[in-house]
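Participant: only geometry, no sequence info:
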């Protein structure tokens, strides 16, 4: 009997590993682990019928998850443009900058990556050209250590700080950083329904104390970073 | 595309409701959610692993839950486990769904009282 249960656990793990990469990126090895945890339990409590149900659940969801992944990819493919991608220039009249962080000019360049977005902010402050360190946002609901684009810890970031991001709807991204469950700063990026305005609301604790800004950006057309044919 | 409102999630899918109720009591990992739902339903509802993780993936995609950044000390739990937590949107959706269910039960109770009187 014990051999059968071990065999079933192995088979379960193999099937769980066959789930699409996108599914496993979100759930990690939770599906495999949970299967390994419950197969012996289900065998004890429900016998063969329980195992049939357990494997049936996997067998049913495996094609469904592939379909869902392909549907997502197809949707991405037929979307003419990404809502966030592009170059955005701040409209200072409509923006409410924090007195300690008021630029004369501010631009935001957003590029879609395989996992999320890469953001580069630059502009003019106190008469000088300034640029912030590029940051990435992965809005998949997971927490990740805050590292630079080479995967190294970033100077000035407290140890144990984690970045998070979610996308409550296609027009909105919420992202931020926290340490030990305490939010250090958060921002909401919302693109208007016509795709021409990006409102970025950020708040948190900066070097000069707490800050809150509402920056309204307008899409730069044509995009200076895209070669025009 | 219009922004998804909390109301647009109603009525909640049964699996989603069970998961949100389980997380209302605090963050949990997959196995704990499964056990909690099983206990809460008196053994009637078992979220099988693929169903559970499929639902968790969709709940995260819709911004109702997030993966929690906090981890118990390694000596108290398996460090590989991922913990999930409700977002403010998830909490709001759960509250609206529970109100909707309360209203339905209220209607049913009123009908029963009326039947008893007649």
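Facilitator: Looks like it came in fine. Being a predicted model, the structure only gives us computed values, none of them experimental. Numbers count the residues shown, from 1 in each chain, chains lettered A, B, ... in the order given.

Participant: what residues does the helix or strand that contains residue A:13 touch?
Facilitator: Counting by DSSP states H and E, the element that carries residue A:13 is helix A:2-17. Contacts with helix A:2-17, where a contact means C-beta atoms under 8 Å, 6 or more residues apart in numbering or on different chains, come from A:24, A:31-32, A:35-36, A:39-40, A:43, A:51, A:54-55, A:58-59, A:62, B:49-50. For the C-beta atoms, the positions are set from N, CA and C on the backbone; glycine is no exception.

Participant: can you count the residues close to residue B:42?
Facilitator: Close neighbours of residue B:42, defined as other C-beta atoms under 10 Å in any protein chain shown, add up to 7.

Participant: just the buried members of the contacts of helix A:2-17?
Facilitator: Those of those that meet the buried threshold are A:24, A:31-32, A:35-36, A:39, A:43, A:51, A:54-55, A:58, A:62, B:49-50, by 16 or more other C-beta atoms under 10 Å in any protein chain shown.

Participant: and the helix holding residue A:13, what's buried?
Facilitator: Buried-residue list, helix A:2-17, by 16+ other C-beta under 10 Å: A:5, A:8-9, A:12-13, A:15-16.

Participant: quick one, grab the pLDDT at the closest residue to residue A:100 other than its chain neighbours.
Facilitator: Nearest non-adjacent residue to residue A:100, counting by C-beta to C-beta, 6 or more residues apart in numbering or on different chains: residue A:208, 4.4 Å away. Among the per-residue scores, residue A:208 shows a pLDDT of 74.

Participant: same check on residue A:169?
Facilitator: pLDDT, residue A:169: 81.

Participant: check residue A:56 too.
Facilitator: Value for residue A:56, per-residue pLDDT: 90.

Participant: could you pull out the helices for chain B?
Facilitator: B:14-24, B:30-40, B:49-61, B:88-117 (DSSP state H).

Participant: contacting residues around the second one?
Facilitator: This points to helix B:30-40. Taking C-beta under 8 Å, 6+ apart as the criterion, the residues outside helix B:30-40 that touch it are A:27, A:30, A:33-34, A:37-38, B:18-19, B:21-23, B:25, B:28, B:45-47, B:49, B:52-53, B:56, B:81-82, B:84.

Participant: now the residue sitting nearest the centre point of chain A: how far from residue B:114?
Facilitator: Central residue of chain A (C-alpha atoms, centre = their mean): residue A:139, 1.7 Å from the mean position. Relative to residue B:114, residue A:139 is positioned 50 Å away (C-beta to C-beta, to the nearest Å).
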